[in-house]
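Trainee: Show me how the following folds:
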Amino acid sequence: MSLETILPILGDLTNAERDEVIKSCRMHNGMASKNETIKGTEEDEHIYSAMVQAIKSVIPGAQPMPFHVFRRSNAWGYYQKQITYLNLFVETNFPDLTLVERRALYVIIFEVIVSHLKEFRIPIKPKVIAQNFQTVESLWEKSFPGYIACGMAQAVIRSRVNG
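Mentor: Sure, this is the predicted structure:
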């Protein structure tokens with residue numbers, strides 16, 4: 001059943017109530033527009049969790065700091081300044097991802113960054129990864145040349161989600 005089918009059935013809702021129903025339905029179905037993504041520290045925690053997953057997949061045995069420690073570290077302020085570059089890349093190139101696909105994309109992005117850092121023997125730390133948020137687009141293009149332009153990037157993300 002689509003939102004267009006549900007909304008007339010609900011009767012006379014205020015605009016705020018209608019927006020809340022739409023948001024709830026989208027979140028329930030795993031879909032969120034770029035304006036309805038998880039906000040604040042919860043989103044940061046999901047992004048950091050993807051970063052940790054990527055670090056562990058590229059460097060077996062690595063033990064990055066937990067999120068609550070990361071938030072109190074000096075890397076947190078730098079992360080907050082740099083996250084806009086990462087979000088801009090994601091929202092510009094992948095605006096219609098579900099939350100699960102978005103999480104998979106973050107893991108892929110962080111694996112690309114971590115592999116790049118490892119290639120040049122640069123220490124793999126959250127702050128260093130955040131310093132490379134500005135280079136995400138070029139690193140992505142280096143790892144997946146032409147994938148965004150031809151639409152194959154979505155296939156890479158879906159393959160990661162579906163296993």
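Trainee: drop to CA atoms for contacts and neighbour counts, all remaining ones
Mentor: OK.
Trainee: Domain map for the protein?
Mentor: What automatic domain parsing lists as the domains of the chain is 1-30, 38-162.
Trainee: Return the most buried member of the ones you listed.
Mentor: Comparing these by mean neighbour count (mean count of other CA atoms under 10 Å), domain 38-162 ranks first with a mean of 16.
Trainee: can I get the domains of the chain in TSV with mean pLDDT?
Mentor: Output for the domains of the chain, formatted as TSV (pLDDT from 0 to 100):
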stretch	mean pLDDT
domain 1-30	61
domain 38-162	92
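Trainee: Show the contacting residues for residue 48.
Mentor: Residues near residue 48 by CA atoms under 8 Å, 6 or more residues apart in numbering: residue 67.
Trainee: Tell me the spacing between it and residue 67.
Mentor: Per CA to CA, to the nearest Å, residue 48 is found 7 Å from residue 67.
Trainee: same question, residue 20
Mentor: Here the criterion is CA to CA. By it, residue 20 lies 29 Å from residue 67.
Trainee: Would you list the phi and psi of residue 62?
Mentor: Taking degrees, to the nearest 10, you get phi -70, psi 140 for the backbone angles of residue 62.
Trainee: Give me the nearest residue to it, chain neighbours excluded.
Mentor: residue 56 (5.5 Å; CA to CA, 6 or more residues apart in numbering).
Trainee: Remind me which helix or strand that neighbour belongs to.
Mentor: Following DSSP states H and E, one finds residue 56 within helix 40-58.
Trainee: picking up where we left off before, assess the claim that the residue nearest to residue 62 and residue 63 are in contact.
Mentor: Yes. Between residue 56 and residue 63 there is a contact under CA atoms under 8 Å: 7.4 Å.
Trainee: Tell me the first helix or strand C-terminal of the helix or strand hosting residue 115.
Mentor: Using DSSP H and E, residue 115 falls within helix 99-119. Counting by DSSP H and E, the element after helix 99-119 in chain order, helix or strand, is helix 126-131.
Trainee: Would you mind pulling up the elements that that following helix packs against?
Mentor: Applying 3 or more CA pairs under 8 Å, 6 or more residues apart in numbering; DSSP states H and E, one finds that helix 126-131 makes contact with helix 74-93, helix 99-119.
Trainee: Next up, the contacts around the closest residue to residue 50 other than its chain neighbours.
Mentor: Distance criterion CA to CA, 6+ apart; nearest residue to residue 50, sequence neighbours excluded, is residue 107 at 4.8 Å. Neighbouring residues of residue 107 by CA under 8 Å, 6+ apart: 50, 51, 53, 54.
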